[in-house]
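**Student:** kindly return the folded structure for what I paste below:
(one chain, ligands or ions: 1)
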Amino acid sequence: MHFPKYRPRRLRSNKLMRALVREEHLSVNDLIMPLFVRPGSSLKREIVSMPGNYQFSVDTLVEEVRELADLGIPGVILFGIPEKKDELGTEAYAEDGIIQKAIRAIKKNVSNILVITDVCMCEYTDHGHCGYIRKDEKTGEHQVDNDETLKLLSREALSHADAGVDIVAPSDMMDGRVDAIRTILDGSGYGEIPIMSYAAKYASAFYGPFRDAAESPPSFGDRKSYQMDPANAREALREVSLDIDEGADIVMVKPALPYLDIIRLIKDTFEYPVAAYNVSGEFSMVKAAHEKGWIDEKNVAMESLMGMKRAGADIILTYWAKDAARWLKEC
Ligand code: PBG
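**Tutor:** Have a look, this model is predicted:
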């Protein structure tokens, strides 16, 4: 038998010893809570596919955001379900659109939390795609027109800035959108508003429950022509470096758990804050398995969030943000 002098178990013998040598720490400061808002009042509709998450109206949203701020959560990211959808996603950039109203109400009533907005067209277009759809004359196929979409996205980001947003987060994956948004914000006196870009966003089946929550599934086709192929890692580096060149302040990887290697790669390659989006499918499968009594939600959630931290995430967008803030206080 060989007994080495160093025995790792010595440092695991009790709680204090483990705390002493712990390498990573998850903190409430790392967490951002995604929230859904729709027209109406006094609404708090549970999202069937995402238990414990709701579609709020602006008034109940403000209450929720106040609670999150009191728990010490530094930011929320807002998704809107508009009054009506149309071909050009008009409500995405309307002055009195649902998100614009929500930003104003939060800013007026809650002071100690950052309001981040998802800048995308898919929740606002009747076809559910992330941009302007053009029919290709030759093939007869419908395709998202990249450059026309940039105009809509910049208008959307500007309208959020006018309403008082703290950070904008473009999630559409059109080429050149960070540059387009940076240019319009800078030109309108909003040079101080940071851009958190969904830089490496994969065409993922893990967004399933979200599309129910935001009522935004594409009515035809899929998003593979603009979101990334799950097989590609080096392409993520190209996407991130383009976004940084165009002025992104924070770069995001989405989803998180199946892409921890991508988080690490980006963290090691660029000296920029990295955000990980722990998406709806990652959340809902744990909820479902917990409801069946197969796994313990709290422990699985905290282990997952720690995994994202260890992989290099500085910021984690997660539907567990509120629960995790409470769980962190318990331990
Ligand atoms: C696009 C957007 C999506 C998500 C965040 N922003 C949907 C998509 O790209 O299909 C998904 C988030 C999640 O699944 O939790 N506006």
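
**Student:** please enumerate the helices of the stretch 1-150 of the chain.
**Tutor:** Defined through DSSP state H, counting those that start in this stretch, the helices belonging to the stretch 1-150 of the chain, from first to last, are 15-20, 58-70, 98-109, 146-163.

**Student:** mind putting those in CSV, distance to Val286 and mean pLDDT included?
**Tutor:** C-beta here means a position set from N, CA and C on the backbone, and glycine is covered the same way. Formatted as CSV, these follow (distance: least, C-beta to C-beta, whole Å; pLDDT from 0 to 100):
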stretch, distance to Val286, mean pLDDT
helix 15-20, 24, 96
helix 58-70, 20, 98
helix 98-109, 28, 98
helix 146-163, 31, 96
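
**Student:** as JSON lines, these with distance to Tyr277 and mean neighbour count would be great.
**Tutor:** Below are the helices of the stretch 1-150 of the chain laid out as JSON lines (distance: least, C-beta to C-beta, whole Å; neighbours: other C-beta atoms under 10 Å):
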{"stretch": "helix 15-20", "distance to Tyr277": "29", "mean neighbour count": "10"}
{"stretch": "helix 58-70", "distance to Tyr277": "17", "mean neighbour count": "18"}
{"stretch": "helix 98-109", "distance to Tyr277": "18", "mean neighbour count": "21"}
{"stretch": "helix 146-163", "distance to Tyr277": "18", "mean neighbour count": "22"}
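
**Student:** now those in a markdown table, with distance to Val28?
**Tutor:** Compiled in a markdown table, the helices of the stretch 1-150 of the chain are given as follows (distance: least, C-beta to C-beta, whole Å):
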| stretch | distance to Val28 |
| --- | --- |
| helix 15-20 | 17 |
| helix 58-70 | 10 |
| helix 98-109 | 19 |
| helix 146-163 | 25 |
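
**Student:** nearest to Asn278, out of these?
**Tutor:** Set against Asn278 and scored by C-beta to C-beta, these come closest in helix 58-70, at 16.2 Å.

**Student:** pull that closest one out as CSV, backbone CA atoms only.
**Tutor:** Listed next in CSV are the C-alpha coordinates belonging to helix 58-70 (Å, rounded to 0.1, in the frame of the first residue of the first chain):
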residue,chain,number,x,y,z
VAL,A,58,-46.4,46.6,-14.9
ASP,A,59,-47.8,47.2,-11.4
THR,A,60,-47.1,43.7,-10.1
LEU,A,61,-43.8,43.8,-11.9
VAL,A,62,-42.7,46.8,-9.8
GLU,A,63,-43.6,45.0,-6.6
GLU,A,64,-41.6,41.9,-7.7
VAL,A,65,-38.6,44.1,-8.6
ARG,A,66,-38.7,45.8,-5.2
GLU,A,67,-38.5,42.4,-3.5
LEU,A,68,-35.6,41.4,-5.7
ALA,A,69,-33.8,44.6,-4.9
ASP,A,70,-34.4,44.1,-1.2
